[in-house]
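K.L.:
take this sequence and fold it.
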Amino acid sequence: MKKLFSILLACALVFSMAACSSSNSSDSADESTADSSSADDGKDASGEYVIGFIPTTLTNEYFSAVLNGVETACDELGCELITFDPQSDSSMQASQIEDMIASGIDALVYVPIDSAGSRSVHQTLKDNDVVVVNVDNVIGEDDYDLVDAIIASDNIELGYLSGQWVAENKLDGANILICHNQVSESCILNVQGFWEGIEENAPNSDDYVELQVLEGSGDTQITYDVVTDALQAYDDVDVIYCINDTSALGAIQAVEEAGLEDQISILGKDGAPIGKKAIADGQMAQTSAQRPTYIGYLGVTTAVDILNGEEVTFNTSIPSYSITADNIDEYDIDAWDTLDE
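P.N.:
Just a heads-up that it's a prediction; the model follows:
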């Protein structure tokens, strides 16, 4: 089986936009392209399925981990794989999906950049009889009729675990900065869950104050810039909650440069190797971990099951887990996750 995939872009030391569909502010290489030898009828030479995979970007370690799961499943199932990198550009993503349809994909494992504004893309896929498995950044419920399955982390739970940590470790309350990615539905749910975690576990939730929501776009440099500015405006920050570990790196740098590392607790999300290392080094307090490799793997196996006429669960929520200094030794700092159940 000839596996087709795009040339991965060179990753900078700081990765951007997780899971939470984060973007990267550094310049990207030229758009990745798929091999043009894909069969027009949606099958490769061996008669196996052609699977498309398109994330938010491949200059992000999180989505590279999703791709690893996708590749593993395609290898095991004998599927041909076509991958593009839209470089966090929703217009480019839509155009690349049209190219995939023209290449004859049978199914698409799809992480929408704009989860609220992708209905026309979904409609085009449906009109061309392409099975769509929406992973990671979940589309709005109004668009559920246009996809065949959804697989994502429990985004409320991811935020909840961080909020719970704050409630249990800042018993007297906290002044909080939120480093958000406000165009991502998953990140919106993360922040919602964060406050629910505080409200349900704090002695008095009124003691936990949101100082400001900062638009960090899930990006290290952007988050560094906005946190640096915020720390000049507020001298009483206790907690910075970041919607991914990539943006948490920017917050860590800003806090350390301000000499406030003993005052401010930084929380991330993803359980990325960079986040786990920051916890091990005492730079970050907590991260709520996802399973991107497994999500990608399950995306492909679910798509193949649908193509084979099998019944599947429409909406699959992947449990998350909290990593702190207390349990960091239980995890492989160099790996994202495993394919073990």
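K.L.:
helices of the stretch 1-150 of the chain, residue ranges please.
P.N.:
61-77, 90-103, 119-127 (DSSP state H, counting those that start in this stretch).
K.L.:
please read the previous query as pertaining to the stretch 151-300 of the chain.
P.N.:
So, for the stretch 151-300 of the chain - with DSSP H, counting those that start in this stretch - the helices run 155-169, 185-201, 220-233, 245-257, 273-280, 292-307.
K.L.:
could you dump those into CSV with mean pLDDT added?
P.N.:
Converted to CSV, the helices of the stretch 151-300 of the chain look like this (pLDDT from 0 to 100):
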stretch, mean pLDDT
helix 155-169, 97
helix 185-201, 95
helix 220-233, 97
helix 245-257, 97
helix 273-280, 97
helix 292-307, 97
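K.L.:
tell me the most buried of these?
P.N.:
Ranked by mean neighbour count, the helices of the stretch 151-300 of the chain are led by helix 245-257 with a mean of 26 (mean count of other Cβ atoms under 10 Å). No exception for glycine: its C-beta is placed from N, CA and C like everyone else's.
K.L.:
out of the helices of the stretch 151-300 of the chain, which gets nearest to Ile82?
P.N.:
helix 292-307 (12.3 Å; Cβ to Cβ).
K.L.:
right, and the helix or strand after the closest one?
P.N.:
Next in sequence after helix 292-307, counting helices and strands by DSSP states H and E, comes strand 315-318.
K.L.:
for that next one, packing partners?
P.N.:
Packed against strand 315-318 by the contact rule (3 or more Cβ pairs under 8 Å, 6 or more residues apart in numbering; DSSP states H and E) you find strand 149-153, helix 292-307.
K.L.:
these into JSON lines, with extra columns for distance to Trp165?
P.N.:
Output for the helices and strands packed on strand 315-318, formatted as JSON lines (distance: least, Cβ to Cβ, whole Å):
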{"stretch": "strand 149-153", "distance to Trp165": "17"}
{"stretch": "helix 292-307", "distance to Trp165": "22"}
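K.L.:
where are the low-confidence patches of the chain?
P.N.:
Counting by pLDDT under 70, the chain has low-confidence residues at 1-47, 341.
K.L.:
looking at the helices of the stretch 1-150 of the chain, which is nearest to Lys170?
P.N.:
helix 61-77 (27.6 Å).
K.L.:
show me what that closest one is packed up against.
P.N.:
Against helix 61-77 (3+ Cβ pairs under 8 Å, 6+ apart) you get strand 50-54, strand 80-83, helix 292-307.
K.L.:
list the contacts of Tyr110.
P.N.:
Contacts for Tyr110 (Cβ atoms under 8 Å, 6 or more residues apart in numbering) come out as 52-54, 97, 132-135, 147.
K.L.:
so how far is Gly159 from it?
P.N.:
Using Cβ to Cβ, to the nearest Å, one gets 23 Å for the distance from Tyr110 to Gly159.
K.L.:
and Ser64, by the same measure?
P.N.:
From Ser64 over to Gly159 (counting by Cβ to Cβ), the distance is 24 Å.
K.L.:
likewise for Thr223?
P.N.:
17 Å.
K.L.:
and Thr324, by the same measure?
P.N.:
From Thr324 to Gly159 the distance is 16 Å (Cβ to Cβ).
K.L.:
and for Gln93?
P.N.:
26 Å.
K.L.:
tell me, how many residues neighbour the residue lying closest to Pro112 once chain neighbours are set aside?
P.N.:
Leaving aside its sequence neighbours, Pro112 sits nearest to Ser118 (Cβ to Cβ, 6 or more residues apart in numbering; 4.3 Å). Ser118 has 24 neighbours, counted by other Cβ atoms under 10 Å.
K.L.:
Ser118 contacts Asp143, doesn't it?
P.N.:
Yes: taking contacts as Cβ atoms under 8 Å, Ser118 lies within contact range of Asp143: 7.1 Å.
K.L.:
so how far is stretch 190-205 off the chain centroid?
P.N.:
Taking Cα atoms, centre = their mean, to the nearest Å, the mean C-alpha location of stretch 190-205 is offset from the chain mean by 22 Å.
K.L.:
ok, now stretch 332-341?
P.N.:
16 Å.
K.L.:
neighbouring contacts of that stretch?
P.N.:
Counting by Cβ under 8 Å, 6+ apart, 61-62, 65, 69, 72, 271-273, 276-277, 280, 289-294, 297 sit against stretch 332-341.
K.L.:
please identify the buried residues of it?
P.N.:
Judged by neighbour count (16 or more other Cβ atoms under 10 Å), stretch 332-341 contains these buried residues: 333, 336-337.
K.L.:
alpha carbons only: can I get that stretch in PDB?
P.N.:
Included here for stretch 332-341 are C-alpha records, laid out as PDB according to Å, rounded to 0.1, in the frame of the first residue of the first chain:
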ATOM      1  CA  ASP A 332       6.300   9.700  29.800                       C
ATOM      2  CA  ILE A 333       7.400  13.300  29.400                       C
ATOM      3  CA  ASP A 334       8.600  12.700  25.800                       C
ATOM      4  CA  ALA A 335       5.300  11.200  24.500                       C
ATOM      5  CA  TRP A 336       1.800  12.400  24.000                       C
ATOM      6  CA  ASP A 337      -0.300   9.300  24.600                       C
ATOM      7  CA  THR A 338      -0.600   5.700  23.600                       C
ATOM      8  CA  LEU A 339      -3.100   3.700  21.600                       C
ATOM      9  CA  ASP A 340      -3.900   1.500  24.600                       C
ATOM     10  CA  GLU A 341      -7.500   1.700  25.800                       C
END
